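S.K.: Mind folding the following:
(chains A and B)
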2 protein chains.
Amino acid sequence: VPDYPTPALVVDLDRVTANIRSMAGRAGERGLVLRPHAKTHKSPAIATMQVQAGAVGITVATIGEAEVFTSAGITDLFIAYPLWLDRERAIRLNTLAERATVRFGIDSAEAGAAAARALGGAVESLEVLVEIDSGQHRTGVSPRRAGELAAALERIGLRVAGAFTFPGHSYAPGSRTSAAHDEQTAMQQAAASMTAAGIPPRLLSGGSTPTAVFSDSAVLDEIRPGVYVFNDSQQWELGSCGTADIAAWVSATVVSRTGRRVVTDAGSKAMGADRAEWATGYGRLLDDPAARVVALSEHHATIEFADAAAAPEPGSAVRIVPNHICTTVNLADEYIVVSGTDGHRVVDRWPVAARGRNH
Amino acid sequence: VPDYPTPALVVDLDRVTANIRSMAGRAGERGLVLRPHAKTHKSPAIATMQVQAGAVGITVATIGEAEVFTSAGITDLFIAYPLWLDRERAIRLNTLAERATVRFGIDSAEAGAAAARALGGAVESLEVLVEIDSGQHRTGVSPRRAGELAAALERIGLRVAGAFTFPGHSYAPGSRTSAAHDEQTAMQQAAASMTAAGIPPRLLSGGSTPTAVFSDSAVLDEIRPGVYVFNDSQQWELGSCGTADIAAWVSATVVSRTGRRVVTDAGSKAMGADRAEWATGYGRLLDDPAARVVALSEHHATIEFADAAAAPEPGSAVRIVPNHICTTVNLADEYIVVSGTDGHRVVDRWPVAARGRNH
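M.R.: Here you go, the predicted structure:
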């Protein structure tokens, strides 16, 4: 039984340190700049560890996240999102740009025009990256249209530093290498298109946790993996981590048991309800690879074990590995930081400082 | 374009007031006590409106929620959850019991023994309700075992006031009336079992938003619907509300458009990722019943419209009705409170005071 109340978001200091060093080392070996996505952890403490281990800066998803990390001393940020700027957002972006290097994404000439309008004369202090669709089909332009968009943005007065993509279709079993290939091809095409349009990219940014190890510095300049600091059940099932690399979990108490099923006090309000079509459940147990979260309500996770003998006693604690740790972290106000064998020693508490900063 | 930043959680004061009055009226007409579940709104302002409209008190899911609402002046609370009490939880529960009438759930003799141990001599100040499984098969004992469990709890020294159930299997198309029937039957059996064991129930508590209108005071004493204050896409698709009854939504800005698809800045971190098997998408639009959220990432909701002409311009705002409003609310720090036609006038801001109180 842990000496903190459940449900709790727990991070293993030893493992998170190892994950941060390992990714920094791999990026360095491959000649790639590392700019980790901080939406995963939302923690200035972890961002600082990443920069100290060699990251050039961080990636964020929103202006609100950028504000939190800039206040914490991070001075190089990329907002990897096709921002639609109104006056309120433009003022906040300009304030950020006075204190840090800040870039953001654009995926249409309309969004560029809105940005130029909202930024007014301050447009010169910010650089943009054109977003490329490398196969996820969410946002971004097709690679062959990158030059046309870059030229349109430059005509409006925006400064185009290069292009970025997120190969999100790597989040499917057996898709890691093919998505990495798609990403390389798309970014090569985008670079050629921009060069042909007279705006050769100075920066090509890509990468996700599943594809990070396949990234090639012959194409990309930097990678932006996020989940690798903690990993989760999705990465476990995709094969991009082993269980020894799982550095965060939700500690929960068993409140009810029937045969080989137990119910815990951590439900979707503590873990998140993300479940990809290919996922084998709503989450897994760090200490029993055969167990699955088979049903999830707001304050109930129903976990099924191989047999009744494997099902833990009511009152005991279990360590649940959520499917998608980014959304889990966004539900918590703090991390319980543990260290030592099985993470039994509480050594610190870290605020999830950028939790809820969706704007 | 709204005069508050997006993504934002918006509540329509006129509609929420009407929903609160309507449910209070219906419960009164049927001779049922109303004890709304406050996990949906986590707002003392709304709980106060519910009590003023006739609710006897509120239901909560956790001790932490009870603490927030007790501090806000609510004096009659039921924690509708099979609590596993350790010393820390028992101390907090006792502190609550000094200021309010507090009941909680138990679904096993083991949990009862743990509660009695943790509460020590203070056991007399708190009443418990036995949890009955009326068909959801999550927690709770089968109705015919209610008497046996109640007797075991009384022997331990706990005071058993009655029984409760949550007919959660009402959350499926076409299941509202059959789930309500299951609930009635289960609670009748539970009452008979408890009476036969010499512990006749003084209180039988049930009800969910989908089954509330079918509840019968010949069996139940009180009902505990939660979602009805706001409604959501699940209730819309289950037929338990019309679009005019939807009193909360997520306001989002369109950041990208391709043909009949748009992407907005409200994703799973603002809306939640709940999606039942029978749901037609990850959410719907209040102003276009044909539109569906067809894909969801942390900061992207991809919405598909009937045709390109129906797809809104980048930069415009849309009102997204999440699938499950309880988990949406748990992601926000405040409500933007609006009033008037189409909810265009901001009249207040309410804190989501019990957000994240999972413990």
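
S.K.: Can you name every helix or strand that whichever strand in chain A runs longest contacts?
M.R.: Determined from DSSP state E, the single longest strand within chain A is strand A:248-258. Judged by 3 or more Cβ pairs under 8 Å, 6 or more residues apart in numbering or on different chains; DSSP states H and E, the packing partners of strand A:248-258 are strand A:8-12, strand A:261-264, helix A:268-271, strand A:317-322, helix A:325-329, strand B:76-82. Just so you know, the C-beta spots here come from the backbone N, C-alpha and C atoms, and that holds for glycine as well.

S.K.: looking at these, which is buried most?
M.R.: Of all the helices and strands packed on strand A:248-258, helix A:268-271 has the most neighbours on average by mean count of other Cβ atoms under 10 Å in any protein chain shown, namely a mean of 27.

S.K.: What helices and strands are in contact with that one?
M.R.: Under the contact definition 3+ Cβ pairs under 8 Å, 6+ apart, helix A:268-271 sits against strand A:248-258, strand A:288-296, helix B:325-329.

S.K.: Give me the contact status of the shortest one with chain A.
M.R.: Yes - for a cut-off given as Cβ under 8 Å from any Cβ of the partner chain, helix B:325-329 has contacts with chain A, namely B:Cys326, B:Thr327.

S.K.: Quick one: distance of the helix or strand following that helix to the chain centre.
M.R.: Next along the chain after helix B:325-329, taking DSSP states H and E as the criterion, comes strand B:334-339. Strand B:334-339 sits 19 Å away from the centroid of its parent chain (Cα atoms, centre = their mean, to the nearest Å).

S.K.: Other residues contacting strand B:334-339?
M.R.: For strand B:334-339, contacts defined as Cβ atoms under 8 Å, 6 or more residues apart in numbering or on different chains pick out B:4, B:8-14, B:43, B:248, B:251, B:344-352.

S.K.: Show the contacting residues for A:Gly135.
M.R.: A:Gly135 makes contact with A:Pro167, A:His169, A:Ala179, A:Asp182, A:Glu183, A:Ala186 under the criterion Cβ under 8 Å, 6+ apart.

S.K.: Mind listing what's buried along the helix or strand hosting the fifth one?
M.R.: The one in question is A:Glu183. Taking DSSP H and E as the definition, A:Glu183 sits inside helix A:176-196. Across helix A:176-196, burial judged by 16 or more other Cβ atoms under 10 Å in any protein chain shown covers A:176, A:178-184, A:186-194.

S.K.: Check the secondary structure at the residue of the stretch 101-250 of chain A found nearest chain B for me.
M.R.: At 4.6 Å from chain B, A:Thr139 is the closest residue in the stretch 101-250 of chain A, using Cβ to the nearest Cβ. Secondary structure assignment for A:Thr139 (DSSP: H, G, I helix; E, B strand; the rest coil): coil.

S.K.: Quick check: nearest residue in space to it, chain neighbours excluded?
M.R.: Closest residue to A:Thr139 apart from its sequence neighbours, by Cβ to Cβ, 6 or more residues apart in numbering or on different chains: B:Ser256 at 4.6 Å.

S.K.: residues in contact with that neighbour?
M.R.: Neighbouring residues of B:Ser256 by Cβ under 8 Å, 6+ apart: A:Pro82, A:Asp107, A:Ser108, A:Ala111, A:Thr139, B:Val262, B:Val263, B:Pro314.

S.K.: For the residue nearest the centre of chain A, give its distance to A:His324.
M.R.: The geometric centre of chain A, computed from its C-alpha atoms, lies nearest to A:Gly226 (Cα atoms, centre = their mean), at 3.4 Å. Using Cβ to Cβ, to the nearest Å, A:Gly226 is found at 11 Å from A:His324.

S.K.: quick one, what contacts the closest residue to A:Asp287 other than its chain neighbours?
M.R.: Of all residues not flanking A:Asp287 in the chain, A:Arg319 sits nearest, at 6.0 Å (Cβ to Cβ, 6+ apart). A:Arg319 makes contact with A:Val10, A:Trp249, A:Val250, A:Ser251, A:Ala252, A:Leu285, A:Leu286, A:Asp287, according to Cβ under 8 Å, 6+ apart.

S.K.: Format those as JSON lines; extra columns: pLDDT.
M.R.: Converted to JSON lines, the contacts of A:Arg319 look like this (pLDDT from 0 to 100):
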{"residue": "A:Val10", "pLDDT": "98"}
{"residue": "A:Trp249", "pLDDT": "98"}
{"residue": "A:Val250", "pLDDT": "98"}
{"residue": "A:Ser251", "pLDDT": "97"}
{"residue": "A:Ala252", "pLDDT": "98"}
{"residue": "A:Leu285", "pLDDT": "98"}
{"residue": "A:Leu286", "pLDDT": "97"}
{"residue": "A:Asp287", "pLDDT": "96"}
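
S.K.: Same list, those residues, but as TSV with distance to A:Gln52 please.
M.R.: Listed next are the contacts of A:Arg319 as TSV, based on distance: Cβ to Cβ, whole Å:
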residue	distance to A:Gln52
A:Val10	22
A:Trp249	24
A:Val250	27
A:Ser251	28
A:Ala252	32
A:Leu285	32
A:Leu286	27
A:Asp287	31
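
S.K.: Strands of the stretch 51-200 of chain A, start to end?
M.R.: A:58-60, A:76-82, A:101-106, A:127-132, A:159-165 (DSSP state E, counting those that start in this stretch).

S.K.: coming back round to it: the residue of the stretch 101-250 of chain A closest to chain B contacts A:Ile132, correct?
M.R.: No - when contacts are counted by Cβ atoms under 8 Å, A:Thr139 is not listed as touching A:Ile132 (9.7 Å).

S.K.: what does the stretch 1-150 of chain A have sitting close to chain B?
M.R.: Going by Cβ under 8 Å from any Cβ, the residues of the stretch 1-150 of chain A near chain B are A:1, A:5-8, A:39, A:61-62, A:81-84, A:86, A:88-89, A:107-108, A:110-111, A:114, A:138-139.
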